[in-house]
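> Compute the structure for the input listed below.
(one chain, ligands or ions: 1)
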Amino acid sequence: MLLYDVCILGAGLSGLSCARKILHQRPLSSIVVLEARDRVGGRTLSVPAGADSVDLGGQWVGPAQPKCLELINELKLATVKQQWFDEEAPAAADANNFSSGSSVPLTEEEDRELKAIAGQLEGWAESARDPASWASCPHAAEWDAVSVAQFFDGAVKSAVVRRELDLLVRTVTASEPHDLSFFYFLFFLGVCGGLAGVGDGDGGAQSFKLPCGAQQLSLGMAEELQAQGVHVRLNTPVAAINCSGGGGTITLASAGGEVLVEASCLVVAVSPPLWSTITWSPALSPAKQDVSVRMYMGSAVKTITVYKECFWKPFTPQGQLEELGPVANLFPTTVDGAPALVGLVTAGAAKVFAALPEEERRAQVLGQYQKYFCSAKALDFTAFHSKDWINETYSKGCYAALMPPRLATCCGGAVRAPEGRVCFAGTELAISWPGYFEGALDAGYRAAGEVVALLHQ
Ligand SMILES: Cc1cc2nc3c(=O)[nH]c(=O)nc-3n(C[C@H](O)[C@H](O)[C@H](O)COP(=O)(O)OP(=O)(O)OC[C@H]3O[C@@H](n4cnc5c(N)ncnc54)[C@H](O)[C@@H]3O)c2cc1C
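Numbers count the residues shown, from 1 in each chain. Alright, predicted model coming up:
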């Protein structure tokens, strides 16, 4: 069997960008990428819709995401600006509203409280930015001992402010605040541009989209890699990784025991909760095992509803979006020239929504839009798409894996370290924009550097 220099496990953005970077730095490397699904792109999925496509997975890019913008440029892809319901007052430009699901004005007192807490979060997030110094961060242990919800219980007085903050957490992380470590949330905010970085509106992470669909990033990289002799093998789930054999060779095998690949180095570019679905020999370090078992995936179902008529202008929403139905975060768009709404159902609501049949999901979303826009035209759709990521075997949820209390400060630092000749990538292991495309590239490039160093030894 051919011994590859490098095997990469997972043909998502992280694995493919890692392969690409290794080839840039060491052009003659022999590389194989193993992918369980019948397609590349992982948590990005663009499906045809007439002459257009719709993104059922990751979609947006922000101006503070340089690696992703550079990749878009290198692959000669385009971006277009995301539209907002109220172009005169995009959500993030208004400090009251972090999320486009929030539309109820705050009183002066509520506004003051929200701004004060936002300021505190931003300041503390700065101190949690660097995982290498988590151990010396003065409040790390205290903040990591509580969930975001527990912290808000003690710190937030107004019910309206609390609702805004809970909505922020649910929409940007797809997690319930009671599941997420407060310290990990601060880290996330600190390395993702703060509240304006993760919020909706111009300048935030949802500023641009790719008109041809975000999966083009992975399709473009895979095509380029294959032209350079890299083997990208689809429909190849890996069930066992054996690094205990002779000569330092790493063997990857299927569930039936078939040897799929032998390689000198391995990059594991799947999210941490998936590490524990693989049999490792020798076992992963205790810290990585702990991370794999305890990090949990966020939960989201993405919906896209296409209409003949844009009935939401002028924008006069009736009440708080998520109180009217399952969708927590809503964006206007167009599909093949027709007006459409992208609605994200996240966190606890997504688990309930994912269990419903498609017709029931559609009925709930249309009913919610009817109430929110106070218009029966909301029922007059031409197409409805929904995609549940929670029950996807090779994702187990989205947008990404997150840390519960007491994980970051006990094993968080060990999560990125190579184990022998095995390196680890995937968006969760980024130190910039974890959970986003940018994070997938950040971790992929870091792992590529580690592999190149190993190959030179
Ligand atoms: C609905 C949704 C909306 C999102 N919105 C955005 C957004 O707007 N902007 C943004 O930046 N990010 C967004 N994200 C997150 C973004 O898509 C991810 O951060 C990114 O795509 C992760 O890339 P990755 O390569 O790290 O992981 P993945 O894309 O998960 O790639 C891992 C790959 O490994 C494969 N794999 C897993 N197990 C095995 C195995 N045992 N054997 C072989 N192969 C295996 C998987 O099939 C997958 O292809 C969103 C995600 C979703 C689902």
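> switch to C-alpha atoms for all contacts and neighbour counts from now on
Noted.
> Quick check: residue 408 vs the ligand, distance?
Between residue 408 and the ligand the distance is 19 Å, computed by Cα to the nearest ligand atom, to the nearest Å.
> nearest spatial neighbour of that residue, skipping sequence neighbours?
Excluding the flanking residues, the one nearest residue 408 by Cα to Cα, 6 or more residues apart in numbering is residue 184, at 6.7 Å.
> average pLDDT for the host helix or strand of that neighbour?
In the assignment (DSSP states H and E), residue 184 maps to helix 182-191. Mean per-residue pLDDT for helix 182-191: 97.
> now swap in stretch 164-174 and tell me
Regarding stretch 164-174, the rounded mean pLDDT is 95.
> Same check on stretch 303-323?
Per-residue pLDDT over stretch 303-323 has a mean of 92.
> Mind listing what's buried along it?
By 16 or more other Cα atoms under 10 Å, the buried positions in stretch 303-323 come out as 303, 304, 305, 306, 307, 310, 312, 317, 319, 321, 322.
> got it, and stretch 292-306?
For stretch 292-306, burial by neighbour count (16+ other Cα under 10 Å) applies to 292, 294-306.
> Skipping its backbone neighbours, what lies nearest residue 110 in space?
Closest residue to residue 110 apart from its sequence neighbours, by Cα to Cα, 6+ apart: residue 161 at 6.2 Å.
> Just to be sure, the one you found is in a helix?
Yes. Residue 161: assigned to a helix according to DSSP: H, G, I helix; E, B strand; the rest coil.
> I'd assumed residue 115 was in contact with it.
No. Here residue 161 does not reach residue 115: they are 9.6 Å apart, not a contact under Cα atoms under 8 Å.
> Buried ones in the lowest-mean-pLDDT helix or strand in the chain, by neighbour count?
Least confident helix or strand, the chain: helix 408-411 with a mean of 90, by mean pLDDT, DSSP states H and E. Across helix 408-411, burial judged by 16+ other Cα under 10 Å covers 408, 409, 410.
> Please apply the same query to stretch 235-247.
Of all the residues in stretch 235-247, those buried under the rule 16+ other Cα under 10 Å are 236, 237, 238, 239, 240, 241, 242, 243.
> about what we covered before: got a list of what the residue nearest to residue 408 touches?
Counting by Cα atoms under 8 Å, 6 or more residues apart in numbering, residue 184 makes contact with 144, 402, 403, 404, 405, 408.
> distance of the residue nearest to the third one when sequence neighbours are not counted from residue 273?
Of all residues not flanking residue 403 in the chain, residue 295 sits nearest, at 4.9 Å (Cα to Cα, 6+ apart). Look at residue 295 and residue 273: by Cα to Cα, to the nearest Å, they are 6 Å apart.
> Give me the common contacts of these two.
Among the neighbours of residue 295, those also in contact with residue 273 (Cα under 8 Å, 6+ apart) are residue 401.
> Which positions in the stretch 251-400 of the chain make contact with the ligand?
Residues of the stretch 251-400 of the chain lying near the ligand by Cα under 6 Å from any ligand atom: 269, 270, 302, 389, 394, 395, 398, 399, 400.
> Return the subset of those residues lying in strands.
Mapping those onto strands (DSSP state E) picks out residue 302.
> If you rank the residues of the stretch 251-400 of the chain next to the ligand by neighbours, which is first?
Using other Cα atoms under 10 Å as the neighbour test, these are led by residue 269, with 30 neighbours.
> roughly how far apart are the residue nearest to residue 230 when sequence neighbours are not counted and residue 443?
Leaving aside its sequence neighbours, residue 230 sits nearest to residue 31 (Cα to Cα, 6+ apart; 5.2 Å). Distance of residue 31 to residue 443, given as Cα to Cα: 18 Å.
> Residue 158 and the ligand, how far apart?
From residue 158 across to the ligand, the span is 30 Å (Cα to the nearest ligand atom).
> is it true that that residue touches residue 112?
No. The pair residue 158 and residue 112 does not pass the contact test of Cα under 8 Å, sitting 10.6 Å apart.
> Which stretches in the stretch 351-457 of the chain count as strands?
381-388, 401-402, 422-424 (DSSP state E, counting those that start in this stretch).
> packing partners for the first one?
Translated: strand 381-388. Under the contact criterion of 3 or more Cα pairs under 8 Å, 6 or more residues apart in numbering; DSSP states H and E, strand 381-388 touches strand 300-307.
> mind listing what the strand it packs on pairs with, with the direction of each?
With DSSP bridges as the test, strand 300-307 is paired with strand 338-346 (antiparallel), strand 381-388 (antiparallel).
> After it, heading C-terminal, what element do we hit next?
Using DSSP H and E, the next helix or strand after strand 300-307 towards the C-terminus is strand 329-335.
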